[in-house]
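Any chance you could fold what I've pasted below:
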Amino acid sequence: MVIAIHDGSAYGVTVSQEIEEQTGRVVTFGAIHNTLIRLEEKGFVTSELGGATTERGGRRKRLFEITALGKAALADIQHLRNRLWKLMPDDILKLSNI
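Numbers count the residues shown, from 1 in each chain. Coordinates of the predicted model:
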């Protein structure tokens, strides 16, 4: 989802920062990198190398972008979650202030 939010400008550091900002949880760069590679292998995202920057010692960033398959998967996940929330008993929803 973070890849879709950043619309083609997402790379390991921005993904990590966004997850930390939104969840308050720190995720290691290795975990982010492995996940991005797996998502690419499954066809949910694509990547390309961006330009080299002096701030990165001349190294290039690998920029990720969500694919049509990835967008469809996000829509399916959202649909499933909405269906499950609708099945939740009202007394549970009232307790959690949802």
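
buried sites along the longest helix along the chain?
Identified as the longest helix of the chain according to DSSP state H is helix 68-87. By 16 or more other CB atoms under 10 Å, the buried positions in helix 68-87 come out as 70, 73. Every residue, glycine included, has its C-beta placed from N, CA and C.

ok, now stretch 46-55?
46-47.

Can you give the distance from that stretch to the centre of its chain?
19 Å (CA atoms, centre = their mean, to the nearest Å).

same thing with stretch 64-83?
The answer for stretch 64-83 is 11 Å, by CA atoms, centre = their mean.

can you check stretch 77-91 too?
Worked out by CA atoms, centre = their mean, stretch 77-91 lies 22 Å from the chain centre.

Restricting to C-alpha, output that stretch in PDB.
Extracted in PDB, the C-alpha atoms of stretch 77-91 (Å, rounded to 0.1, in the frame of the first residue of the first chain):
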ATOM      1  CA  ILE A  77      -8.100  -7.100   0.300                       C
ATOM      2  CA  GLN A  78     -10.200  -4.000   1.000                       C
ATOM      3  CA  HIS A  79     -13.300  -5.800  -0.200                       C
ATOM      4  CA  LEU A  80     -12.600  -8.800   2.100                       C
ATOM      5  CA  ARG A  81     -11.900  -6.600   5.100                       C
ATOM      6  CA  ASN A  82     -15.100  -4.600   4.500                       C
ATOM      7  CA  ARG A  83     -17.100  -7.800   4.300                       C
ATOM      8  CA  LEU A  84     -15.500  -9.100   7.600                       C
ATOM      9  CA  TRP A  85     -16.200  -5.800   9.400                       C
ATOM     10  CA  LYS A  86     -19.900  -6.000   8.400                       C
ATOM     11  CA  LEU A  87     -20.100  -9.400  10.100                       C
ATOM     12  CA  MET A  88     -18.700  -8.000  13.300                       C
ATOM     13  CA  PRO A  89     -21.400  -8.000  16.100                       C
ATOM     14  CA  ASP A  90     -22.500  -4.500  17.100                       C
ATOM     15  CA  ASP A  91     -21.600  -5.000  20.700                       C
END
